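**Q** pasted the sequence and its predicted model underneath.
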Amino acid sequence: MSVPEVGTGRPSLRAIAVLAWIAAFAVLLAVTALIAGPPPGAGDAPPLTRTGRQLVPNNPNARPQGDAILVANRREAPLTILAISQQPLRTADYGRLAIDAEPLPPGVEVALLWIRLDQPGKPHDQRIPTDSRGVLEPALLDRDAAWSGDVTLLALGVKGPMERPWMLRSVSLQPITTGSVIGDIVRGWRAFERWDGRSINVLFGGRDEQRAWFPPLAFAASAIAALAVVVVARRRRVRVGPAPIIVAFLIGWLALDVRWQLNLVEQARSTVAEFGGKTWEQKHASMEDADLFRFVQAARARLPADPVRIFVNSDLEYFRRRAGFHLYPHNVLAYSWAEPSQLRPGEYLLLYQKADVRFDTAQEELLWANGRRLDAKPLLVQRGAGLFLVGPKGGR
């Protein structure tokens, strides 16, 4: 990688930029781990490790299998508590929880539960993060303000009915060391970041909660590398051209871009696994607005075949917009409004999770909290949702 200058045998300024970036990034990562890591004297306690067989379940959903424990939550009993320890322990000695287990079944969550000595009647919890495959990741307990003092009860809560049994092999409560902090930081950067409402504008880089973010450290390493190039050039008494400075910041940009590309590859795999081979109805039924989609499809079946004017309202803009999308090609007006008089007889109104509106069955009217009324005939009514045909009296 190092290219010597002609006649000197010394690394070029471009090579200096690359080497300085690597060294600066390593130093910044170590310093960050020292700052975010344990206080002096912490980390001396031995890990508290339990095999699955050693955990104590609160119901018949869980049973030992070899050294592991098999959990099979039923729909009528969707929660299992697995006691880890009922002996007092100091939270200052431990700051990390690692679980060796199979990937979680869909819709199942795991949380660490604890009761503090100074708050005997108040349970605390922290959800255990998972990767895109459902594998449980190490939980950073020392980041939780409730993880303090002495703990008298420590347990795992496994919540949600299971389509298949889930095997847990071991649980380990570990002290925080500088090395483990560095590992947690790097794992946080590598964690799969699913697309969400922010993804079109920005990618933060890993978990939502991290000890240190990748982009600021990459930029700081680039700035230090550029400064190192300037210092070396002055000592050599040579002019600094733009190329070495560009290289210093290009390395940081490439590091961020490589992480972005890896995230895109993982997102593509996740998308294929979730939606591959499904019909468009099955794809929508797998999405986060599946309940809304099913309701709108049922509502569409009660609308005329030719496009009609239909108002859509909800307390949440997301539901308004998504319902409007699902209702096209009807003439949809999906915006926040509180004036029923805008609706004319023969038009339609779809409400979804609208808290300030109720239907008076005796008068066949929709009643708003502000006293407004709308003559309406219910065409489809479900819990928290309804499709209505505006009656001859309209709104008032």
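**A** Yep, that arrived.

**Q** hmm, who's touching stretch 136-144?
**A** 38, 91, 94-99, 101, 104, 110, 112, 124, 126, 128-131, 147, 176, 184, 187, 191, 209, 211 (C-beta atoms under 8 Å, 6 or more residues apart in numbering). Where C-beta positions appear, they are placed from N, C-alpha and C, glycine not excepted.

**Q** if we go to 7 Å?
**A** Contacts of stretch 136-144 from elsewhere in the structure, counted by C-beta atoms under 7 Å, 6 or more residues apart in numbering, are 94-99, 101, 104, 110, 112, 126, 128-131, 147, 176, 184, 187, 191, 209.

**Q** for that stretch, measure first residue to last.
**A** Criterion C-alpha to C-alpha, to the nearest Å; first-to-last residue distance in stretch 136-144 is 18 Å.

**Q** tell me the buried residues in it?
**A** Counting neighbours by 16 or more other C-beta atoms under 10 Å, one finds that the buried residues in stretch 136-144 are 136, 137, 138, 139, 140, 141, 142, 144.

**Q** stretch 174-187 too?
**A** Within stretch 174-187, the residues that qualify as buried by neighbour count (16+ other C-beta under 10 Å) are 174, 175, 176, 177, 180, 181, 182, 184, 185, 187.

**Q** check stretch 119-129 too.
**A** Within stretch 119-129, the residues that qualify as buried by neighbour count (16+ other C-beta under 10 Å) are 124, 126, 128, 129.

**Q** then stretch 337-345?
**A** In stretch 337-345, the ones that count as buried by 16+ other C-beta under 10 Å are 340, 343.

**Q** repeat that for stretch 17-33.
**A** Quick answer for stretch 17-33 (16+ other C-beta under 10 Å): 17, 18, 20, 21, 24, 25, 28, 29, 32, 33.

**Q** hang on, residue 311 packs against residue 343?
**A** Yes. Under the contact definition of C-beta atoms under 7 Å, residue 311 touches residue 343, with a separation of 6.1 Å.

**Q** mind listing the shared neighbours of the two?
**A** Between them, residue 311 and residue 343 have residue 349 as joint contacts when contacts are counted by C-beta under 7 Å, 6+ apart.

**Q** save the buried residues of stretch 119-129 as a markdown table, and put in pLDDT, secondary structure and distance to residue 264 too.
**A** Conversion of these to a markdown table gives the following (pLDDT from 0 to 100; DSSP: H, G, I helix; E, B strand; the rest coil; distance: C-beta to C-beta, whole Å):
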| residue | pLDDT | secondary structure | distance to residue 264 |
| --- | --- | --- | --- |
| 124 | 93 | strand | 37 |
| 126 | 92 | strand | 30 |
| 128 | 91 | coil | 26 |
| 129 | 86 | coil | 21 |
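
**Q** out of those residues, which is nearest to residue 337?
**A** Out of the buried residues of stretch 119-129, the one with the shortest distance to residue 337 is residue 129. That distance is 39.9 Å, counting by C-beta to C-beta.

**Q** quick one: that closest one from residue 110, how far?
**A** 10 Å (C-beta to C-beta, to the nearest Å).

**Q** also residue 222?
**A** If you measure residue 222 against residue 110 using C-beta to C-beta, the figure is 39 Å.

**Q** where does the stretch 51-200 of the chain dip in pLDDT?
**A** Applying pLDDT under 70 to the stretch 51-200 of the chain picks out residues 132, 195-200.

**Q** which residues in it form helices?
**A** Secondary structure of the stretch 51-200 of the chain, counting by DSSP state H, counting those that start in this stretch: helices at 178-190.

**Q** circling back to that earlier point, filter the contacts of stretch 136-144 to the buried ones?
**A** In terms of neighbour count (16+ other C-beta under 10 Å), the buried residues within the contacts of stretch 136-144 are 94-99, 101, 104, 110, 112, 126, 128-130, 147, 176, 184, 187, 191.
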